[in-house]
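In: Curious how this folds, go ahead:
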Amino acid sequence: MLAPLILTPFLRFSSQEYVEGHGYSVVREYSGHGIGRRFHEGPRILHYSGADGGDVVLREGMVFTIEPMVNEGGKEVVVLEDQWTVVTRDGGDSAQWEHTVVVGEEGCEILTLREGEEWPIRIARMLEEGEGWGY
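Out: Predicted coordinates for the structure are as follows:
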């Protein structure tokens, strides 16, 4: 469970550490985002560190997505002529998944987990224990 008041740099570091620790890369062009009255509204939730993501403190009532695009090779991507399809520059496989998270009084709930599905254990443990940027 994500703790309330955790800063978004911790989400970025945790996501990137998990992905790269398994030999993959995180695409930089796409991010998670806030859920509200408009499509893809703020805050922007990056999945990698080393960038100014407009750091946000997560507060009760916020709803946002975590949706990294993960490549088997390099992090670079190309958008095809249809302006919708995205492929890896090096031709490797890629995967993208999305979860919607709501910040509650005692932590966050992942609204889109399927029955039997668990949050990646390392990230969950880091977040629960308040390592890194957690408060």
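In: what about Val70, which helix or strand?
Out: Element membership for Val70 (DSSP states H and E) is strand 69-71.
In: Not counting that strand itself, show me its contacts.
Out: Contacts with strand 69-71, where a contact means C-beta atoms under 8 Å, 6 or more residues apart in numbering, come from 19, 24-27, 29-30, 77, 86, 88, 92-96. (Each C-beta comes from the backbone N, C-alpha and C, glycine too.)
In: Run me through the strand neighbours of that strand, direction for each.
Out: Strands flanking strand 69-71 in the sheet, each with its direction: strand 25-26 (antiparallel), strand 94-96 (antiparallel) (DSSP bridges).
In: winner for burial among these?
Out: Ranked by mean neighbour count under mean count of other C-beta atoms under 10 Å, those are led by strand 25-26, which reaches a mean of 21.
In: immediately after it, which helix or strand?
Out: Following the chain from strand 25-26 toward its C-terminal end, the next helix or strand by DSSP H and E is strand 32-34.
In: does Ser15 sit in a helix, a strand or a coil?
Out: The assignment at Ser15 comes out as helix when based on DSSP: H, G, I helix; E, B strand; the rest coil.
In: out of everything not next to it in sequence, what's closest to it?
Out: In space, not counting the residues next to it along the chain, Ser15 is nearest to His47; the distance is 4.3 Å by C-beta to C-beta, 6 or more residues apart in numbering.
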